[in-house]
Each structure stands twice: as structure tokens, then as C-alpha cells.
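**Q** Turn this into a model:
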Amino acid sequence: MEQVAIDVQTFGAQGITIHPRPDERHIRYADVFNLRPLVHTEFNIEGNPIPEFIDLVLKAKPEQVTLVPDAVDALTSNAGWDTIKNKEFLSEVIQEFKNAGIRTAIFVDPRTDMIEGAATTGVDRIELYTEAYADGYAQGNKEAVEPYVACAKLGYELGLGINAGHDLSLDNLKFFKQNVPHLLEVSIGHALISESLYLGLETVVKNYIKLLK
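**A** Numbers count the residues shown, from 1 in each chain. Next comes the predicted model:
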């Protein structure tokens, strides 16, 4: 794990994102502190802001924390926050992180009402949940990008930075980047590792960077 983090940064990756879940099945909380001194680009820790996660982030002090509403038994992220119903909770957590000098982001579905709700919490950025886009694009439906275009434009108008992530790959990222404005950051995980089994880690990282330029 540590060597992969070092290598992908050497190959040009502009940041490292990790997602410690409550049951630690993907990455352990202890791994965060092993990685922290190795990340010289940008460190983004994402997860459900349960008390243990909040304490972890405040101790590690990454450049960015991304809040994701993971259910304990969820296999992977499968929904964004309801930023309207959870406004008070999100606002409190976000303020705590911002007081510590950590940039904040909220994982959201591509719905304009959720973007408007996010803007009321004081968050710095949103991360658009891109599974619906990836599924649509794979079926030849390029109109699947349209909600993301609308949400990115609205978020930018409301003063939010625009991130995106989930199921993005070498196949679908170029079209997404060409159409979604104001995109600051994308998180690539599963696809990058799967593609690296065939193409090699260095080649894949450099291919992503080429697509994003």
C-alpha cells in the first residue's frame, strides 16, 4: 500500500484518496497514519463522519475530507447525502473540520436540490456521485452526463468547488471531462487498479493525466 502511494505520485498523480469504512474492510484506520508522511501531493480522506472518523481526520489533518453517507453494511458507496434533511448535522461537522484548516467536500447525487442544499452547509466543495453517468455511458447513452453538467454549473454559481467520483475509468472519463465544466478533481480507484493489471500502473496513471489535461 505504501509503495503504491509513493509510485502513483511519482508517475504524476496529483493526490491520494483513501476511504476507511466503519468495518475497516478496505483500508484500516491505522493505515492513514502510515500514509500521511508519504503523501506529498494532496491527501483526501473520505468516509462516514461517525465520531471515530472525525477523530481520525482531525489527527491526520489531510488537505481534504469528503463526507460520504456509508451505511455500515454497504458494499460500496451507493448514494449521496440528502443535504436538506441533514443540513444541521453536516453544517456542524463541516465547521469542525474547517476550524482545523481542512478543506471539506460532500458526496452528492446529481440533483440540483441537493446542490442547493449543500451550499447552505458551508462546505467548500461537492463530489458528484458518477455511477449513473458511468452506467449510462456504458450503454451508449451520452445524455447521462447532462445532470452533471447542470449540477456543476449550479454548484459553481453557488461558490462550490466541483469534484467527481465513482466508476470513472479510462473509457468514460474523457467525455465526462469534456462536458462537465469547472471540474477540479476526480477520484479514480477500482478502475485504475483493474486497468493496471493489463497496462501497468505507470501507464494507467499517465493515461488518466493525459485525459484530464
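**Q** Checking my notes, E46 in a strand, right?
**A** Yes - under DSSP: H, G, I helix; E, B strand; the rest coil, E46 falls within a strand.
**Q** Now do the same contact list for the spatially closest residue to it that is not a sequence neighbour.
**A** Counting by C-beta to C-beta, 6 or more residues apart in numbering, E46 lies nearest to T66, which is 3.6 Å off, once chain neighbours are set aside. Heads up, the C-betas are built off the backbone N, CA and C, glycines and all. Applying C-beta atoms under 8 Å, 6 or more residues apart in numbering to T66 gives the contacts T17, N44, I45, E46, G47, T104, A105, I106, F107, E127, N163.
**Q** any chance of those residues in JSON lines, plus neighbour count and distance to K213?
**A** Listed next are those as JSON lines, based on neighbours: other C-beta atoms under 10 Å; distance: C-beta to C-beta, whole Å:
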{"residue": "T17", "neighbour count": "21", "distance to K213": "20"}
{"residue": "N44", "neighbour count": "23", "distance to K213": "20"}
{"residue": "I45", "neighbour count": "24", "distance to K213": "26"}
{"residue": "E46", "neighbour count": "24", "distance to K213": "25"}
{"residue": "G47", "neighbour count": "25", "distance to K213": "30"}
{"residue": "T104", "neighbour count": "22", "distance to K213": "27"}
{"residue": "A105", "neighbour count": "27", "distance to K213": "22"}
{"residue": "I106", "neighbour count": "28", "distance to K213": "27"}
{"residue": "F107", "neighbour count": "25", "distance to K213": "25"}
{"residue": "E127", "neighbour count": "29", "distance to K213": "21"}
{"residue": "N163", "neighbour count": "25", "distance to K213": "17"}
